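In: Test case, fold it:
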Amino acid sequence: MSFHPRLRSVRVLFAGLSLMLTVILLSAVTLAQDVETPKYDIFVGYQWLHPGGTVPAPFGNFNSPGKLQLKDMPDGFGTAFTYNFQKYFGLEGDFGYNWDNYESTLSLGPKLTYRTDDSNYFLHTLLSYNRLNVDGLPTGNGIGAILGGGWDLKLTHMLYLRIFEADYVWGRQNYASVVSSSFPDLRRVSLEGIRLRTGLVFNFGYPQLATPTASCSLQPSEVMVGEPITATATTTNFNPKHTLNYAWSGTGGKVAGKDNTASIDTNGVAGGSYTVTATITDPKKKTGGEATCSANYTVKEPPKNPPTMSCSASPSDLQAGGSSTITCTCTSPDNVPVTVAGWTASGGSVSGSGNTATLNTAGASAGPVTVSATCTDSRGLNSQASTQVTVQNPPPPPPPQATKLADCDFENMAKIKKPWRVDNECKGKLDDVAKNLQQNADNKLVIVGNAEPTEKRPNLAAERAVNSKAYLTGGEAKLGIDPNRIECRTGSAGTKTAEYWIVPAGGTFSGEGTQPVDESVVKAVPDHPRAVAKKKARTAAQ
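Out: All right, here's what the predicted structure looks like:
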């Protein structure tokens, strides 16, 4: 057999094919079937080798060596031992030998395998000890590497046929003893070869397989006619990563199965003993992937006792117009299905669904209201129950409260040293207050004056309230509000303000944080008190 590749092109092509096969195998791992994996396997077979290198010609001149292209080595054998850590990965030891001149390799490295029911596909990357013997040259011992893969076809459980194995074989040899340093390519030779193999693969150490089994259980195993039963199948020795198929059947009632559980409907079943059976299969197992289990159950004819029911209301006392939740609890001594319906009420209106209803007491008279319902079982037997809700007249509405209509800010007046003065902006707000009092003759007014803690003038908060009142009762606007309808107080807001609170008829002002003003002591302050004082002094002198 002859081989004439361009070595660098072959190396690139072989590396590309190996990379593509690696991607395919790694992608296939995610879809791999769960097949049995031997603990170790041994390969023995034929090996053909293309060394892929040029060495110094035997018996050549040290300073002027010739070249010898290594020929293909069709005579050879190979063997390999792989220890499988799990179904995808293993550690492989490899030995290959070709003669007629000879090249041998002893290698070790990881092996990646994708396993199916009929074939195995593998890749390996090995570090090697490379030994090369060429007649007339010293025997070379160097390092090397092997990269490749192959395909094994299943013959039996223990024996596979290796259809092919293709490997890129690289080795490094040193001929410094026969070639001068002027010829580096011949002094240190790189072998870039290809080897092909075929042979037999023997598998050993398969895990011992246990026979799949199943057991069935029922909950409950004894029921009255019409009561449901739940059947459960529990498996052992099946592959936990495989999805199992469950087939359910029974000798009494309707059996509806879903995966490892099934429900048994016993409606219409005569009293007696019956059997439910489950057949479990592993669709990925061709043999030994099935198990069956059964369980017995008893159906009894039930006695016919009417249901019992009690009702309660929450709340049981409420104001007219409110609502109460009515809850009725109904049970059957014979454990048959029951329903609650037929809601009635002696007052108001009641609406319900199931065992809960709502009583609306709008329009109901004060006193007890009786709410009733009927409980009926699946055989038509029924009973009634009721509860009472006491309806009370609603309490009188609370008196109206005072509301703040406006407030006045004395900040600008404080800046001009007249912090008591009611300016035009405040007068505008007081005009609105007066309008409210004029339109609502029963309303009253509470004026709350406030002052900041830093303001030192005595009774300043009271003056702000009294001045506001003075404007409403007799100011330049001649609003003419009755002073008896206005109350002056001081507050604790800590601001330069006066607040105007409207108190409707029958209403109250809480007065929290305020104090009444003694208007016999605190009088309204005119705009120009000092000027008035001087004028009085001049008048007295005349």
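
In: Need phi/psi at the closest residue to Pro58 other than its chain neighbours.
Out: In this structure, Pro58 finds its nearest non-sequential neighbour in Gly136, 2.3 Å apart by C-beta to C-beta, 6 or more residues apart in numbering. (Each C-beta comes from the backbone N, C-alpha and C, glycine too.) With angles defined as degrees, to the nearest 10, Gly136 sits at phi 90, psi 0.

In: Please verify my assumption that Gly136 contacts Pro65.
Out: No - the pair Gly136 / Pro65 is not scored as a contact, 11.8 Å apart, by C-beta atoms under 8 Å.

In: between these two, who's got more neighbours?
Out: The residue with more neighbours, out of Gly136 and Pro65, is Pro65; 21 against 13, by other C-beta atoms under 10 Å.

In: OK, contacts around the nearest residue to that one once chain neighbours are set aside?
Out: Nearest residue to Pro65, sequence neighbours excluded (C-beta to C-beta, 6+ apart): Pro56, at 4.4 Å. Pro56 is in contact with 65-68, 137, 175, 178-179, 183, 186, counting by C-beta atoms under 8 Å, 6 or more residues apart in numbering.

In: Take these and keep only those in helices.
Out: Leu186 (DSSP state H).

In: Mind checking which of the contacts of Pro56 are buried?
Out: 65, 68, 137, 175, 178-179, 183, 186 (16 or more other C-beta atoms under 10 Å).

In: Where do the helices of the stretch 251-400 of the chain begin and end?
Out: Counting by DSSP state H, counting those that start in this stretch, the stretch 251-400 of the chain has no helices at all.

In: Listing request: residues of it with sub-threshold pLDDT.
Out: Residues of the stretch 251-400 of the chain meeting the criterion pLDDT under 70: 302.

In: What confidence value was assigned to the residue nearest to Pro58?
Out: We have a pLDDT of 91 for Gly136.

In: Tell me how far it lies from Gly93.
Out: Distance, Gly136 to Gly93, using C-beta to C-beta, to the nearest Å: 32 Å.

In: What of Ala524?
Out: Distance, Ala524 to Gly93, by C-beta to C-beta: 115 Å.

In: Could you do Gly150 as well?
Out: With distances taken as C-beta to C-beta, Gly150 is found 16 Å from Gly93.

In: Cys311 now?
Out: Distance from Cys311 to Gly93, by C-beta to C-beta: 84 Å.

In: Looking at the two, which one has more neighbours?
Out: Of the pair Cys311 and Gly93, Cys311 is the one with more neighbours under other C-beta under 10 Å, namely 21 against 15.

In: From Ser181, how far out is the nearest residue to Leu479 once chain neighbours are set aside?
Out: Nearest residue to Leu479, sequence neighbours excluded (C-beta to C-beta, 6+ apart): Ala434, at 4.2 Å. As judged by C-beta to C-beta, Ala434 and Ser181 stand 120 Å apart.

In: the more surrounded of those two?
Out: Applying other C-beta under 10 Å to Ala434 and Ser181 shows that Ala434 carries more neighbours, namely 20 against 8.

In: Heading C-terminal from the helix or strand that contains that one, find the next helix or strand.
Out: Using DSSP states H and E, Ala434 falls within helix 424-439. In the C-terminal direction, the helix or strand that comes right after helix 424-439 (DSSP H and E) is strand 444-449.

In: Let me see the mean pLDDT of whatever helix or strand comes next after that following strand.
Out: For strand 444-449, the succeeding helix or strand toward the C-terminus, using DSSP H and E, is helix 460-474. Averaging pLDDT along helix 460-474 yields 91.

In: so how far is the following helix or strand past helix 460-474 from its chain's centroid?
Out: As assigned by DSSP H and E, the chain's next helix or strand after helix 460-474 is strand 486-490. Centre-to-centre, strand 486-490 and its host chain are 63 Å apart (C-alpha atoms, centre = their mean, to the nearest Å).

In: likewise stretch 269-285?
Out: Centroid displacement of stretch 269-285 relative to its chain, using C-alpha atoms, centre = their mean, is 37 Å.

In: Next: stretch 272-289.
Out: Put simply, stretch 272-289 sits 36 Å off its chain's centre (C-alpha atoms, centre = their mean).

In: that older thread, which of the buried ones among the contacts of Pro56 sits closest to Tyr97?
Out: Proximity of the buried ones among the contacts of Pro56 to Tyr97 (C-beta to C-beta) peaks at Leu137, which lies at 18.3 Å.

In: which residues sit in contact with Arg187?
Out: Counted by C-beta under 8 Å, 6+ apart, Arg187 has contacts 174-176, 179-181.

In: which of those residues lies closest to Thr279?
Out: Asn174 (69.4 Å).

In: Which helix or strand lies directly C-terminal to the helix or strand hosting Val223?
Out: According to DSSP H and E, Val223 maps onto strand 222-224. Later in the chain than strand 222-224, the nearest helix or strand by DSSP H and E is strand 229-236.

In: Give the other helices and strands that that following strand contacts.
Out: strand 213-219, strand 261-265, strand 272-281, strand 290-300 (3 or more C-beta pairs under 8 Å, 6 or more residues apart in numbering; DSSP states H and E).

In: Each with direction, which strands does the very next helix or strand once past that strand pair with?
Out: With elements assigned by DSSP H and E, the helix or strand that comes after strand 229-236 is strand 245-250. Using DSSP bridges, the strands paired with strand 245-250 are strand 272-281 (antiparallel).

In: Let me know the pLDDT of the closest residue to Arg485 other than its chain neighbours.
Out: Spatial nearest neighbour of Arg485, chain neighbours left out: Lys444 (4.9 Å); criterion: C-beta to C-beta, 6+ apart. On pLDDT, Lys444 comes in at 94.

In: quick one: contacts for Lys444?
Out: 437, 485-487, 502-503.

In: Filter the residues you listed down to the buried ones.
Out: The neighbour-count test (16+ other C-beta under 10 Å) marks 437, 486-487, 502-503 as buried among those.

In: would CSV of these with pLDDT and distance to Thr156 be doable?
Out: Below are the buried ones among the contacts of Lys444 laid out as CSV (pLDDT from 0 to 100; distance: C-beta to C-beta, whole Å):
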residue, pLDDT, distance to Thr156
Leu437, 91, 113
Ile486, 94, 115
Glu487, 94, 113
Ile502, 94, 106
Val503, 94, 107
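
In: tell me which of these is nearest to Asp167?
Out: Of all those, Ile502 has the smallest distance to Asp167: 103.1 Å, by C-beta to C-beta.
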